[in-house]
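Visitor: Need a 3D model of the sequence below.
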Amino acid sequence: YSPTLKEWTTHTGIDIAGPLGGEVRAALDGVVDRIIEDPLKGIVIILAHDNDLKTVYTGLSTDDMIRVGQQIQKGQVISGIGRTAAFEILDDPHLHFEVLLNGKRQDPMNYLKIE
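Guide: Numbers count the residues shown, from 1 in each chain. As a prediction, the model looks like this:
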């Protein structure tokens, strides 16, 4: 349920709670594929990895820590947790995280090692 939209909606990833401005780190080694300012999702960073795998980080605080084409290492800080996603503005601060394999959504938990 989306408190902002006041309706039930499909959720295409996972939300990872954290403080506003908290560090957002790359889940895997890769290359910055795209940096987008979406009117609903806010600042979005997409990293491309081997084997047509992509990770998507949404609702970020800044897009100026990295650039398209830049090599990124697993664990490298790529942005911060923001309040830029209009459709989740009433939610507590969090990172919205998605994984795509060959363009199809995957369960992100299969790609994260929680410590």
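Visitor: name the helices or strands packed onto the helix or strand harbouring residue 31?
Guide: Assigned by DSSP states H and E, residue 31 belongs to strand 30-38. Applying 3 or more CB pairs under 8 Å, 6 or more residues apart in numbering; DSSP states H and E, we find strand 30-38 packed against strand 42-49, strand 53-60, strand 71-72. C-beta coordinates here come from the backbone N, C-alpha and C atoms, glycine included.
Visitor: Please identify the deepest-packed of those.
Guide: Most buried of the helices and strands packed on strand 30-38, by mean neighbour count (mean count of other CB atoms under 10 Å): strand 53-60, with a mean of 23.
Visitor: Where does pLDDT dip in the protein?
Guide: Scanning the chain for pLDDT under 70 picks out the ranges 1-7, 9-10, 87, 114-115.
Visitor: at 90 what do you get?
Guide: Scanning the chain for pLDDT under 90 picks out 1-13, 39-41, 83-92, 110-115.
Visitor: do you know which of the helices and strands packed on strand 30-38 lies nearest residue 111?
Guide: Closest approach to residue 111 among the helices and strands packed on strand 30-38 is made by strand 53-60 (7.3 Å; CB to CB).
Visitor: on that earlier part again, can you tell which of the helices and strands packed on strand 30-38 is closest to residue 99?
Guide: Between residue 99 and those, the tightest spacing by CB to CB is seen for strand 53-60, at 5.6 Å.
Visitor: Cool, thanks, signing off.
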